[in-house]
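# coords please:
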Amino acid sequence: MKDYSYHKKVIDDVIAKLNELDIDLYLIITAEGCDPMTAFIPGVDTVGSSAYLFAKSGKKIATASSIDAQDVEESGLFDEVVRYDNFDDTLAKLVLDLQPGKIALDYSENVPFCDGLTMGKYEKFVRSLGGYAFEECSADQFIPAVQEMNKR
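Numbering: from 1, shown residues only. Alright, predicted model coming up:
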């Protein structure tokens, strides 16, 4: 079994940065490894659509397909792993339950590593929230610092 201690420290550092910057939630939305961030955070490979939610409160939630969920659960990195029937509905419910005012997403004009969220996935996510208003920001505000703190 893979050792996730490095990724646990990275996640702890991300949550510390969320608190420092007053960002309620860091959300990674991915499918088939399309976001380069997932190798760094959380370090779990998935095939289907998945999302990783890191709240400044310290709560760590993942949603994954039935095929992928076991690996995510076995990582031990999340407080909760939700298997979905409908990815968009499940992700929307998880976000709405947390009620974040400010969400960091993986888009960036200047840091390619922080630019893994496609426009299509972003627009689908926003629509799934049904008009829920939130402030968004780029994960490039803190990911480079977390990378620096966790150089291998």
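# Only C-alpha atoms from now on, for both contacts and neighbour counts.
Will do.
# Which strands and helices lie in contact with the helix or strand encompassing residue 15?
Using DSSP states H and E, residue 15 falls within helix 5-21. Applying 3 or more C-alpha pairs under 8 Å, 6 or more residues apart in numbering; DSSP states H and E, one finds that helix 5-21 contacts strand 49-55, helix 143-149.
# Need the residues that contact the helix or strand of the chain with the lowest mean pLDDT.
Across the helices and strands of the chain, mean pLDDT, DSSP states H and E gives its lowest value to helix 66-75, namely a mean of 92. By C-alpha atoms under 8 Å, 6 or more residues apart in numbering, the surrounding residues in contact with helix 66-75 are 2, 4, 44-48, 62-64, 78, 80-84.
# strand partners of the very next helix or strand once past it, parallel vs antiparallel please.
Note on helix 66-75: by DSSP H and E, the next helix or strand toward the C-terminus is strand 80-83. If you go by DSSP bridges, strand 80-83 pairs up with strand 60-64 (parallel).
# And the residue most central in space within the chain, its phi and psi?
Closest residue to the average C-alpha location of the chain: residue 28 at 2.8 Å, with C-alpha atoms, centre = their mean. Residue 28 has phi and psi values of phi -110, psi 120 when expressed as degrees, to the nearest 10.
# beta partners for it?
Counting by DSSP bridges, the residues bridging with residue 28 are residue 52.
# Over to residue 64?
residue 50, residue 83.
# And for it, the neighbour number?
By the measure other C-alpha atoms under 10 Å, the count of residues near residue 64 is 28.
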